[in-house]
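1. from the sequence below, what's the structure:
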Amino acid sequence: MLVLFYSILVILILPVDSRKCYECSCQHDWGTNTGTCETPAFLSSCTLNEVGNRYCFMVSTYDGNDERRVFEALSSNNLQDSHFIQAVERISLAGTDWLPTAISSIGYGCDWDGCNNMSLIQYLPDSFQMKIDQTILNEQLIGGQVEAHNCYTCSKCINELTVTLCKQVSCPNGICFIDEVHNYMTTAENNCTFNFYSLCDSISDSAPTPSIRIRATYYIDFPKEKQLEIDEVDIRCIKDYCNGIQVVEYLKEQINATINLHPGFTPSRPNDTTTTATISSSTSTTTTPGSKSARSYPIGILYLIFTLLLL
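-> Next comes the predicted model:
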C-alpha cells in the first residue's frame, strides 16, 4: 500500500506543463471609430489562462469597416511550426481595374507564455501583403472577355498535373470558379498534392466579381527560402477554362509578398528569460523560450489520497 502511495505522490508532485495565452475578443468599427476594444470591460476580460500544450494565437478579421479581434489558443494542425504570421487576402476586379489587395484576415501564432499580447495586434495589418501584377491577372483571369462561355467542372485530389482531368462544360453568361482546398488535418481521403473543385456559375447581381483569394503562412524562424508557404488560392474568372488547377499553380509563382515585421513579433523565439507585460498595468509574467508554466497539484489532494489509503 505504501509503495502505491509513494508512486502516486511522485506523479502528482511533478510539474504539469501548461502554456499561458490571452483569451478574449472585441470589435471595432473603423467607419464610426467605435467599438469595444478600448473599453474597461474588454481590458478586464482579456485574461492570461492556462491552455495546456496549445499554442497562442491572435487574429483580426475584416468585413467592410468592421474588424473583429480574437485572442485565443489553438491546437496543432498542419502548420509546419507554431511561430508564424498567416494572412488571407483578396484582389478583386472593379470595372476594368484590379483593386488594391484587401485583407480578409491576418493572424499571429506563437508558443511561449503571453506571446499573443493585445498590444501587438495593431501592427498585424502592415506586416504581410501579397500582390500579383495586373497584366498577369488580366491575361489569366479575364482574357479580354466580359463573361465566360466554357469552364471546367470537377472535384479532384491528385498528385500530378500532367493531364487535364476535369470535364469541359458550356457556361453561357457565366463565371468560372476554382476553390483549392487546404488540408487542415490530413486524412486518407485528402492526402494529395492538389486538392480542389471547379465549377461554372451564371453571372448575376449576387455572383462574385472576378477575384483571387490567397491564403499564405510566413514562418518567422525558418530559413529564408522556406519561410513563405502559399496554402491556398481560389479564383473567380471569366476567361474560358480559366479555372484549371494549372492556372492556380502558375499564379502562386507570380505572388509578390512583402513582409514587414514589427519588432514585437520577435524575429526568433526568445533566447533568454523575458518579461512580457500583461494588458493590465498591475501585473507582469516572466516567461522562457517556448515556455510553458509548471504547476503542481495542491497539497490538499495529496492529504486526501494519503488518508484514503490508510483506511
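
2. list the contacts for the residue nearest to Ala94 when sequence neighbours are not counted?
-> Closest residue in space to Ala94, ignoring its immediate chain neighbours: Thr209 at 7.4 Å, by CB to CB, 6 or more residues apart in numbering. (Glycine included, C-beta is placed from N, CA and C.) In this structure, Thr209 makes contact with 92-94, 236, judged by CB atoms under 8 Å, 6 or more residues apart in numbering.

3. what helix or strand is Thr209 on?
-> Following DSSP states H and E, there is no helix or strand that holds Thr209.

4. tell me which of the contacts of Thr209 is nearest to Ala41?
-> Comparing these against Ala41 with CB to CB places Ser92 closest, at 36.3 Å.

5. for that closest one, give the beta-bridge partners.
-> Listed beta-bridge partners, Ser92: Ser211 (assigned using DSSP bridges).

6. quick one, grab the pLDDT at it.
-> Model confidence at Ser92, expressed as pLDDT, equals 95.

7. equivalent analysis for Glu67, please.
-> pLDDT, Glu67: 96.

8. and the one 4 residues further on, by the same measure?
-> At Phe71, the model reports a pLDDT of 97.

9. do I have it right that it meets Lys20?
-> No. Between Phe71 and Lys20 there is no contact, the gap being 11.9 Å when judged by CB atoms under 8 Å.

10. apply the buried test to the contacts of Thr209 and list what passes.
-> Taking 16 or more other CB atoms under 10 Å as the criterion, what is buried in the contacts of Thr209 is 92-93, 236.

11. as TSV, those with distance to Val181 would be great.
-> What follows is those, written out as TSV (distance: CB to CB, whole Å):
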residue	distance to Val181
Ser92	21
Leu93	24
Arg236	16
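
12. return the member of these nearest to Leu124.
-> Of all those, the one with the least separation from Leu124 (CB to CB) is Ser92, at 21.2 Å.
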